[in-house]
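Participant: need a 3D model of the sequence below.
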Amino acid sequence: MSNKIKIILDDLYALDPELKKYEAEIMKIIEEYLKAKPDSKFDKNFVAELRKEIMRRTESLKAETESTFSWLGNNMFYRFAYAAAGIIVLLLVAASLPFLYGQKPGARISLAPELHLSGGITKMADSAFGKLALNTSQNEQVRDSAALGLGGGGTMSAATKELSLPSPIAPERINYEYVYQGDDFSVDQDKMPVYKRAANNIASRELGRYLTSFKLDALDIKKFSGADLNNLMISEDREFGYMLAINFQEGAIDINSNWQKWPRPETKCRDERCYQQYLLTMDDVPADEKILATAEQFVKNYGIDTSHYGQPYVQTGWKRYYGVTEDKANFYVPEDVTVIYPLVLEDKIVHDESGYPYGFYVSVNIRYDRVSGARPITPYNYTSSDYEVITDKEKIMEYANRGGIYPTYKYPDPTKTIEIELGTPEKGLARYWNYNQDTAQGEELFVPALIFPVVKDGADSTVYYNDYVVVPLVKEIIERQQDNIIGIPMPTIKEMPTVVDDTPVSSVGTTKQ
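Facilitator: Here you go, the predicted structure:
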């Protein structure tokens, strides 16, 4: 056995010691191929030929070896796992070939074409996305509020439970009046670009075709034609391991903690005293700088591209409830704190429908000072199309004074009216879901909008349900919402002391360098 071949075999056995059983078959593949190509130059053409040869030999290797593993029975999972192991063997063989040809070990080699899913922003004709019929209904808005403990069911924090407890006293019927206190502003363009995230199914199709080239004992996958691999879950089998949820059609990856591999001592508790000792307190919450450093190190270690995002910041909205709750000793401090990297499209910050910056989210676990999740990781691949926008300031303020295109409900007999002051708007993009009638599918759009900040001041102010009022500028959207004047009843909220929100809206607008 030559020393070069031994290097290849050692790499294989280090990955999986069980492969040593099939040393004869593996050596046969290596020796035959090198014998057939003794003088080949290790270049792109050689890699392409090697890829074809390995694909051709895969079937024969599986056919020769599967009979040896008859003890696996007809369990489809194990058959597929063995086929996958065969793929890994062949990939490692090819990856080791640079050593045989004197190529530097650090050089990159790939058996498949390298997939570049990020294509930038492609400009299309005007109104290329068709009619924009945003499908965020009032019911969906109420459901979103419920998730925050603001009515309509859902799980609420201890700080907000008191808002819904049964009471013999009828809840207050509060009307909100919006008053603009900002500087003068204008919209100078008649048309502005609307952006749509473009899906790229190249990887989905390539991987689907590859996997359907295998025939398993329990199922002949080759019978399935035109197959795409839509989703894939990968789990790390180690302490503090992660799970990757890969959506190949959307080109999106979510990283979550593999909860089976993360310590959870509180699950062994059998009484309240034991459970209480594991609850975090505000003293356990590190400074924002420390949280940011943990997130940034994770992003660096895993090579996540954040070049199209603004400066990250720590989401601190949960602290407002701590500031107003009377029972601070029993306040629930979250295990995870979110760091937001705002998405930036052509120098414009992207916001969600409520006005908060939208983009890439990193969850930092306070207890273990580790990142517990990161999502969504997506390629920078968008299309844009210009649409007519409204430039009439009075029309814009009409919607701002209603609370946005989904106005708050006006009681005919309110028990109280609270004035909400709006500051100077920021020009940005608002993320919406649009229903495409031609494809009968939803699509993610980023629409030009004005983001009005809610100004909080005065000791008698109330903790308002949102920090922003969003007014999309696309004329077509505004016209479709013209008759939507009934509004959504706001949850009854107890008057509380003023809490300053330190979310840096304008400061996140600078793209990271």
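Participant: which residues does Val314 bridge with?
Facilitator: Note on Val314: beta-bridge partners Val339, judged by DSSP bridges.
Participant: residues in contact with it?
Facilitator: Going by C-beta atoms under 8 Å, 6 or more residues apart in numbering, Val314 touches 288, 291-292, 337-340. C-betas here are computed from N, CA, C, even on glycine.
Participant: could you dump those residues to a markdown table with distance to Ile349?
Facilitator: Formatted as a markdown table, these follow (distance: C-beta to C-beta, whole Å):
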| residue | distance to Ile349 |
| --- | --- |
| Asp288 | 20 |
| Ile291 | 21 |
| Leu292 | 18 |
| Val337 | 21 |
| Thr338 | 17 |
| Val339 | 16 |
| Ile340 | 11 |
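Participant: tell me the one of these nearest Pro379?
Facilitator: The nearest member of these to Pro379, counting by C-beta to C-beta, is Ile340 at 19.2 Å.
Participant: any weak-confidence spans in this structure?
Facilitator: The model of the chain has pLDDT under 70 over residues 1-22, 25-27, 29-119, 134-170, 200-203, 205-206, 456-465, 482-513.
Participant: show me what counts as buried in stretch 434-441.
Facilitator: 434, 436 (16 or more other C-beta atoms under 10 Å).
Participant: alpha carbons only: can I get that stretch in CSV?
Facilitator: What follows is stretch 434-441, C-alpha atoms only, in CSV (Å, rounded to 0.1, in the frame of the first residue of the first chain):
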residue,chain,number,x,y,z
ASN,A,434,-48.6,39.8,-0.5
TYR,A,435,-51.1,37.3,-2.0
ASN,A,436,-50.2,36.8,-5.7
GLN,A,437,-53.5,35.9,-7.4
ASP,A,438,-51.7,34.5,-10.5
THR,A,439,-49.6,32.0,-8.5
ALA,A,440,-52.1,31.6,-5.6
GLN,A,441,-49.1,31.9,-3.3
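Participant: can you name the residues in contact with it?
Facilitator: For stretch 434-441, the surrounding residues in contact (C-beta under 8 Å, 6+ apart) are 129-135, 442-445.
Participant: show the buried residues in those residues.
Facilitator: Burial by neighbour count, judged by 16+ other C-beta under 10 Å, picks out 129, 132, 134, 443-445 from the contacts of stretch 434-441.
Participant: among those residues, which lie within strands?
Facilitator: Cross-referencing those against strands under DSSP state E gives 443-445.
Participant: out of these, which comes closest to Ile420?
Facilitator: Sorting those by distance to Ile420 puts Leu445 at the head of the list, at 27.4 Å, by C-beta to C-beta.
Participant: what residues are bridge-paired with that closest one?
Facilitator: Counting by DSSP bridges, Leu445 forms beta bridges with Lys196, Tyr432.
Participant: which residues does it contact?
Facilitator: Leu445 makes contacts with 129, 132, 134, 194-196, 431-434, as judged by C-beta under 8 Å, 6+ apart.
Participant: tabulate the residues you listed (TSV), appending distance to Val470.
Facilitator: Shown next, in TSV, are the contacts of Leu445 (distance: C-beta to C-beta, whole Å):
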residue	distance to Val470
Phe129	20
Leu132	15
Leu134	12
Val194	15
Tyr195	16
Lys196	19
Arg431	10
Tyr432	10
Trp433	14
Asn434	16
